[in-house]
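1. next one to model:
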Amino acid sequence: MIPALVIAGTHSGCGKTTLASGIMAALRARGLVVQPFKVGPDFIDPSHHTAVCGRPSRNLDPYMMGADGVVRTFLSASEGADIAVVEGVMGMYDGLEGEETGSTAHVAKILDAPAVLVVDINGMSRSAHALVRGYTTFDPAVRFAGVIFNRVGSPRHRQMIEDHLSVPALGWVPNEREMSVESRHLGLAMAGEASMAGFGEVCARHCDLDALIRSASSSPSLPPAPEREARAPSVRLGVAVDAAFCFYYQDNLDLLRRSGVEIVPFSPLADTLPDVDGLYLGGGYPELHAEALSRSPCTREIRTAARDGMPIYAECGGLLYLCERLSCGDAEHRMAGVLPGEAAMCRRFQALGYVDARSTGASPLLPAGLSFRGHEFHYSSVATAPDARFALELGRGRGIRDGLDGLCEHAALGGYSHAYLTDAFADAFVAAMTRYRRGR
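-> Residues are numbered from 1 along each chain as shown. This next block holds a predicted model:
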């Protein structure tokens, strides 16, 4: 078993992301190969992990992947690494609908990896012990390596707490204003816009890296979890990757590769459409680049390819791009015009939570009855005609309208659901691309 640590937090905003990234950077500066992970369906934090560690960060989400999927991803991604660092989500015990499922504690127990609790002690002293004791005794099945105290105000502040510790203190991080990253409506800025590598020096100075490494080494061996056998590439899939489209689960891309897909990255902002048999348009920030997308030659080429029957799967930001228009405040921009919908940005988020989806069979991309899980989080809405066709019915989630998602036209499908792909989904996508390739 690779040595592993789970960096948990008492709540969102306690410094968990900056400290997890800082610890990754500090360990890498020591010459260790660090494999990063993120609990939950987040896209933004993994982008920072990947930039810091030089290895793709993976999501670990028991709701979307199941416990076996968590183990499988953890083991396969950790090959060749010296240590794994898992950043938690929200407060340590916060899971689906107030239960354990999907929480940081849930993942820590699946991996049987020691947890390090990040505690923001700004404005408290003795109360910190009550907080720590509550977290560390709440679930006896969770193993704790210790605590990192964040936002320590002064040496005196530290001493008041250190004199009465009940668990090991693995770090005392001072209240430094520079330990923050700018946010926007979907979370932190992406790694390409802000770096967390500098936090490594802070963690090297104020955290006990030797103790963290020793704690990680207590992780037990996990039973192997078999993966799908890789197939030789048979189709080419264009995957949109640029400042407008940047939200992808790494496991999805890996599954598609193992299913016989050659992935061809391209930028709808800067490139022409590559010679491919299908398109995958992920989420991101098309609203920040709407004017450039409206002028891009690639946008017109995608419209033509869709009308020719090219299979296209689009999620969230990709959905907005495939609509006829995108309104951003007072500005309206023409988009690809593939799907019969009008998209608009809103002041407040319109949906946030997990998704259970089942295919209706309305799209040639997915057969009827195919199911998957995923997540939705968006600040936009899409207005459609009453007779619009939807390829997905949601047992959980809001979707585009009334629990329906996957607006479809031709062989293109766009929805708000960020899917965690199944083998059946990947096979259906490959089959659609194969039919298109043979018909060209």
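2. so residue 76 sits against residue 227, correct?
-> Yes - judged on Cβ atoms under 8 Å, residue 76 makes contact with residue 227 at a distance of 6.0 Å. Placement of C-beta: from N, CA and C, glycine included.
3. how about residue 274, secondary structure?
-> coil (DSSP: H, G, I helix; E, B strand; the rest coil).
4. could you pull up phi and psi at it?
-> The phi and psi values for residue 274, taken as degrees, to the nearest 10, are phi -70, psi 170.
5. report the separation between it and residue 264.
-> Distance from residue 274 to residue 264, counting by Cβ to Cβ, to the nearest Å: 5 Å.
6. list residues touching both of the two?
-> Common neighbours of residue 274 and residue 264 (criterion: Cβ atoms under 8 Å, 6 or more residues apart in numbering): 236, 238.
7. so where's the stretch 251-400 of the chain uncertain?
-> Nowhere does the stretch 251-400 of the chain drop to pLDDT under 70.
8. where do the strands sit along the stretch 251-400 of the chain?
-> 261-266, 278-281, 283-284, 312-315, 325-328, 331-334, 341-345, 351-359, 371-378, 380-384, 390-396 (DSSP state E, counting those that start in this stretch).
9. dump those into TSV; add mean neighbour count as well.
-> Output for these, formatted as TSV (neighbours: other Cβ atoms under 10 Å):
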stretch	mean neighbour count
strand 261-266	17
strand 278-281	27
strand 283-284	25
strand 312-315	27
strand 325-328	20
strand 331-334	14
strand 341-345	22
strand 351-359	19
strand 371-378	22
strand 380-384	20
strand 390-396	21
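10. would you turn the ones you listed into TSV with distance to residue 89?
-> TSV is the format used below for those (distance: least, Cβ to Cβ, whole Å):
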stretch	distance to residue 89
strand 261-266	27
strand 278-281	25
strand 283-284	18
strand 312-315	20
strand 325-328	29
strand 331-334	34
strand 341-345	26
strand 351-359	12
strand 371-378	12
strand 380-384	23
strand 390-396	18
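11. do you know which of those lies nearest residue 235?
-> The closest of these to residue 235 is strand 261-266. By Cβ to Cβ, the value is 5.9 Å.
12. from the chain's centre, how far out does the closest one sit?
-> Distance, stretch centre to chain centre, for strand 261-266: 20 Å (Cα atoms, centre = their mean, to the nearest Å).
13. equivalent analysis for stretch 79-87, please.
-> 17 Å.
14. gap between the two ends of it?
-> 18 Å (Cα to Cα, to the nearest Å).
15. please apply the same query to stretch 379-398.
-> 13 Å.
16. before we move on, what about stretch 411-421?
-> So stretch 411-421: terminal residues 18 Å apart, Cα to Cα.
17. let me know the average pLDDT across it.
-> In this model, stretch 411-421 carries a mean pLDDT of 98.
18. and it, how far out from the chain's middle?
-> Stretch 411-421 sits 15 Å away from the centroid of its parent chain (Cα atoms, centre = their mean).
19. identify each buried residue in it, please.
-> Buried residues in stretch 411-421, counted by 16 or more other Cβ atoms under 10 Å: 411-421.
20. just stretch 126-146 next, same as before
-> Buried residues in stretch 126-146, counted by 16+ other Cβ under 10 Å: 128-129, 131-132, 135-136, 142-146.
21. check stretch 53-70 too.
-> Residues 53, 55-65, 69-70 are the ones in stretch 53-70 that count as buried (16+ other Cβ under 10 Å).
22. closest one of the residues you listed to residue 375?
-> Once Cβ to Cβ is applied, the member of the buried residues of stretch 53-70 that ends up nearest residue 375 is residue 64, at 7.1 Å.
23. if we ignore the residues flanking it in sequence, what's nearest the closest one?
-> Leaving aside its sequence neighbours, residue 64 sits nearest to residue 420 (Cβ to Cβ, 6 or more residues apart in numbering; 3.9 Å).
24. what of residue 425?
-> residue 372 (5.6 Å).
25. give me the neighbour count for residue 214.
-> Neighbour count of residue 214, defined by other Cβ atoms under 10 Å: 13.
26. just the buried residues of stretch 126-146: which are in helices?
-> 128-129, 131-132, 135-136 (DSSP state H).
27. widest-spaced pair of these?
-> Farthest apart among those by Cβ to Cβ are 128 and 136. That separation is 12.1 Å.
28. rewinding a little: contacting residues around the residue nearest to residue 64?
-> Residues near residue 420 by Cβ under 8 Å, 6+ apart: 41, 61, 64-65, 249, 251-252, 372-374.
29. got these as CSV, with distance to residue 307 columns?
-> Below are those laid out as CSV (distance: Cβ to Cβ, whole Å):
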residue, distance to residue 307
41, 33
61, 36
64, 33
65, 36
249, 29
251, 32
252, 26
372, 27
373, 32
374, 28
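30. looking at those, which one is closest to residue 407?
-> Nearest to residue 407 out of those is residue 374 (Cβ to Cβ; 15.7 Å).
31. now, which of the buried residues of stretch 411-421 sits nearest residue 269?
-> Nearest member of the buried residues of stretch 411-421 to residue 269, counting by Cβ to Cβ, is residue 414, at 18.3 Å.
32. show me what the helix or strand where that closest one lies is packed against.
-> According to DSSP states H and E, residue 414 maps onto strand 412-415. With contacts taken as 3 or more Cβ pairs under 8 Å, 6 or more residues apart in numbering; DSSP states H and E, strand 412-415 sits against strand 312-315, helix 317-322, strand 390-396, strand 404-409.
33. dump that strand to PDB, restricted to CA.
-> The C-alpha trace of strand 412-415 is given here as PDB (Å, rounded to 0.1, in the frame of the first residue of the first chain):
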ATOM      1  CA  ALA A 412     -25.500  15.800 -30.300                       C
ATOM      2  CA  LEU A 413     -26.500  15.700 -26.600                       C
ATOM      3  CA  GLY A 414     -25.900  18.500 -24.100                       C
ATOM      4  CA  GLY A 415     -26.800  18.600 -20.500                       C
END
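34. number of residues surrounding residue 435?
-> Neighbour tally, residue 435, other Cβ under 10 Å: 15.
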